[in-house]
Each structure stands twice: as C-alpha cells, then as structure tokens.
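Undergrad: A structural model of the following input is requested.
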Amino acid sequence: MFTRTILSAALFAAVVSTSATAQTAPATPAAAPAAAPAAPAPSWQQGRSAEQAASPLHPFAPHMTGRPAKDLPVDKLKVPAGFKVEVWADDVPEARFLALGSKGTVFVSNRNAKNVYAIVDKNGKRAVKTLLKGLNTPNGIVFDKGTLSDGEGREIDFRNTTIILTSNLATDLIMQACDDEELPTSEVLAAVIRPQLSRHFKPALLARMTIVPFFPLKPAILQSIARLKLGKLASRLKEAQKVDLVAGDEIIAAVAARCT
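TA: Just a heads-up that it's a prediction; the model follows:
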C-alpha cells in the first residue's frame, strides 16, 4: 500500500513535469516589424540639384521674441575709434519700424508680432510701455496730429488722406447675396455683412468707417482676365524660349473656375 502510494505520486509528478515542460517550450521568434518610411525632406530642401544639396547653407528661423540684452554680443563688434555700440532699449520684441514723436517718445511696431510699443525717457532711464495689443501685422504707425512716419524714418503729410482697408470677412455672405442675376444695391449688401463685421471689429472703429462692399466678378469677367494673363505669359515664352503657348476655351474656363 505504501509502495503503491509512492509509485503513484512519482508517476503524477512525472506527468506534471512533462506537461509543464511542453507548455514552456520556446516559441518561434516573431518577425521584426517593418521599418517606418523615411520622413520627407523639409520644403526648402525639395527640388534642389545635386550641387545645391551638398551646400551647407540653410534657412534660420527668426527670433520672434527678440533676445535679451545680455545675450547680444555687442562687445564683439568692431567700430572705428571714437564710436561705441550699446543696447539702446531692451524688452521690445522684433522691433522693426521706428517713429520719433514730437515729445521725444519713440514708437515701435513690427511685422510679425502683435503689439505696438512706446519708449520714453523716465528718470534718466528708458522705459518700454505697451500701447496696443493683439494687432494683426502692425507695420506702420499713424499719428493723430496728421503725420505718418514709415520704417525709413520719413515723415509724410497725412492730412486730407483717405485710408482704404480691405478684408475677406463675410465673403460667403456676399457670394450668396449676389447669386442671382439681379445684384443688390451697395446699401443692401453693406447691411447684410455688417453683423459679421461687428463680431470682428470694435464698434468705435466701424463707426469711423464707410463700408464699401465689393461685388464678386462674374465668370465671363474672370475668363477675360485669365485670357489676358495667359496672353502675357504666351508672349514671354515666345520671346524668351521661342515656344508657342495656345490656351483654348476649356483651359481659360478651368483657370477662371479656380479664381476665388
């Protein structure tokens, strides 16, 4: 009895050991995943010749926020005797257009940032104040007193001047209102687009403007413009490359259809 018990236990252990061994047998290694496709080259590298591809030249992203004065290597600049280079004002990101006010204040605008600054002398030090925020490409500066200063420092008489501003706002509303053969009047069209203009411009600004809506060009007019432009291109090709370019009515219509 005792012997049978020992033998049965031994057989059971052998079966269990064999089963466990079969379950832990090494599996066939999985195939390596396919390599990811190479990323496309940047746009400025595409279309270059072999000679250009070997060039080390490449574009540099501008410092849109400007660099602190301590990071500017002005001490490495070489100037003639009697001259020196120093940082005139700090904390003015991407200063581009400067204009000098009548009281010595320097107004600073820019092309890519969104603010307009004023630099004033205060207690022997220059202080930077933010005048306007959130503008869209504030290039030039116009003064209320009738003087405009551009980026070259030239003062232009700005009295009796009409400022024309254009915008693509409410284009969809204009297209819908002018979809019929009979066009609405300018007054009706201005009333249609005014609510959308009011959502983007301050009421005080709109109150000082006269809204002049532009009517969309009809397909026949667009085709006439396309024909004139392609005619000029054909003349240039004929003169420079001795190539005749002929654009049929289907090409003219396709080009005009892409004009939006």
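
Undergrad: now do the phi/psi pair for Ser224.
TA: Main-chain dihedrals, Ser224, degrees, to the nearest 10: phi -70, psi -40.

Undergrad: and it, how far from Leu217?
TA: 9 Å (C-beta to C-beta, to the nearest Å). Yep, even glycine has a C-beta here, placed from its N, CA and C like the rest.

Undergrad: okay, and the common contacts of these two?
TA: Residues touching both Ser224 and Leu217 (C-beta atoms under 8 Å, 6 or more residues apart in numbering): none.

Undergrad: my read: Asn136 touches Val116, true?
TA: No - look at Asn136 against Val116 with C-beta atoms under 8 Å: they stay out of range, at 11.8 Å.

Undergrad: looking only at neighbour counts, state which of these two leads.
TA: Shown here are Asn136 and Val116; by other C-beta atoms under 10 Å, Val116 has more neighbours (18 against 5).

Undergrad: need the contact list for that one.
TA: Applying C-beta under 8 Å, 6+ apart, the residues near Val116 are Phe107, Val108, Ser109, Thr130, Leu131, Leu132, Leu135, Pro138, Ile141.

Undergrad: please redo it, this time with the cut-off set to 10 Å
TA: 97, 107-110, 129-133, 135, 138, 141 (C-beta atoms under 10 Å, 6 or more residues apart in numbering).

Undergrad: go on, Lys122?
TA: Per C-beta under 10 Å, 6+ apart, neighbours of Lys122: Lys129.

Undergrad: from Ser109, how far out is it?
TA: On the measure of C-beta to C-beta, Lys122 and Ser109 end up 21 Å apart.

Undergrad: for Val188, same thing?
TA: Counting by C-beta to C-beta, the gap from Val188 to Ser109 is 37 Å.

Undergrad: quick one, which of those two is more surrounded?
TA: Ser109 (23 against 11).

Undergrad: quickly list what that one is bridged to.
TA: Phe97 (DSSP bridges).

Undergrad: so it is in contact with Asn136, correct?
TA: No - the pair Ser109 / Asn136 is not scored as a contact, 11.8 Å apart, by C-beta atoms under 10 Å.

Undergrad: tell me where the model's unsure across the stretch 151-260 of the chain.
TA: By pLDDT under 70, the low-scoring segments of the stretch 151-260 of the chain are 151-159, 260.

Undergrad: what about 90?
TA: Low-confidence regions of the stretch 151-260 of the chain, defined by pLDDT under 90, span residues 151-172, 175-184, 186, 199-210, 214-220, 240-241, 256-260.

Undergrad: one more: the stretch 1-150 of the chain?
TA: In the stretch 1-150 of the chain (pLDDT under 90), the answer is 1-77, 84-118, 121-127, 129-150.

Undergrad: distance of Lys103 relative to Val120?
TA: Taking C-beta to C-beta, one finds Lys103 at 9 Å from Val120.

Undergrad: neighbour-wise, which of these two wins?
TA: Val120 (14 against 7).

Undergrad: please give me every residue in contact with that one.
TA: Gly101, Lys103, Gly104, Thr105, Val106, Arg126, Ala127, Val128, Lys129.

Undergrad: which strand or helix spans Glu187?
TA: Following DSSP states H and E, one finds Glu187 within helix 186-198.

Undergrad: after that helix, which helix or strand is next?
TA: Next element after helix 186-198 (DSSP H and E): helix 203-207.

Undergrad: which elements pack onto that following helix?
TA: With contacts taken as 3 or more C-beta pairs under 10 Å, 6 or more residues apart in numbering; DSSP states H and E, helix 203-207 sits against helix 186-198.

Undergrad: other residues contacting the helix it packs on?
TA: Here helix 186-198 makes contact (C-beta under 10 Å, 6+ apart) with 167, 169-174, 176-178, 183-185, 205-206, 209-215.

Undergrad: so where do the helices sit in the stretch 1-150 of the chain?
TA: 2-23, 50-53 (DSSP state H, counting those that start in this stretch).
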